[in-house]
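>>> give me the fold of what follows.
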Amino acid sequence: MSDSRKILIIEDDKQLLEFYNSIKETLDENVDCTIASNGDEGVLALNESVFDAIILDLVMPGTDGYAVLDYLKDCELNQNTMVTVLTNLDTQEDRIKTKALGVRNYYVKSDLTNSGIKDILNGNAPLV
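Numbering: from 1, shown residues only. You can find the predicted model right below:
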């Protein structure tokens, strides 16, 4: 699998975590998905492995998505990893702030269907 994609999902919402776990095995065969249920677990994963993409929630207790983005700036293993934000925050200020922190794509959860989320994980979603 020379074209495999290794993705880290950092999300604390229990319902979305269940969804991610339920579709893990149905993703394209070249997608290897690691799921962290909070920012602290996400930072640990970032220190252990190189990822091609990160799907990141912003609002989490403890280490939130903004703290993870700050951490990524100095994380040698994943400093240049493509980050996609999947959040409930829908303000221009958040979009600008995350873009300045290197986020490539920004999606509002309520705007997405389950198949839309699966497309993002498979790398088939439009860039926004």
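
>>> which residues in the protein form strands?
Using DSSP state E, the strands of the chain run over residues 5-10, 31-36, 53-56, 82-87, 105-108.

>>> distance of the residue most central in space within the chain from Leu77?
Closest residue to the average C-alpha location of the chain: Ile55 at 0.8 Å, with Cα atoms, centre = their mean. Separation of Ile55 from Leu77 (Cβ to Cβ, to the nearest Å) stands at 17 Å. Backbone N, C-alpha and C define where each C-beta goes, glycine included.

>>> on that earlier part again, test of understanding: give the bridge partners of the residue nearest to the residue nearest to the centre of the chain when sequence neighbours are not counted.
Of all residues not flanking Ile55 in the chain, Ile9 sits nearest, at 4.5 Å (Cβ to Cβ, 6 or more residues apart in numbering). Beta bridges link Ile9 to Ile35, Ile55 when assigned by DSSP bridges.

>>> wait, Ile9 touches Ala36, no?
Yes - using Cβ atoms under 8 Å as the test, Ile9 is close enough to Ala36 to be in contact (6.8 Å).
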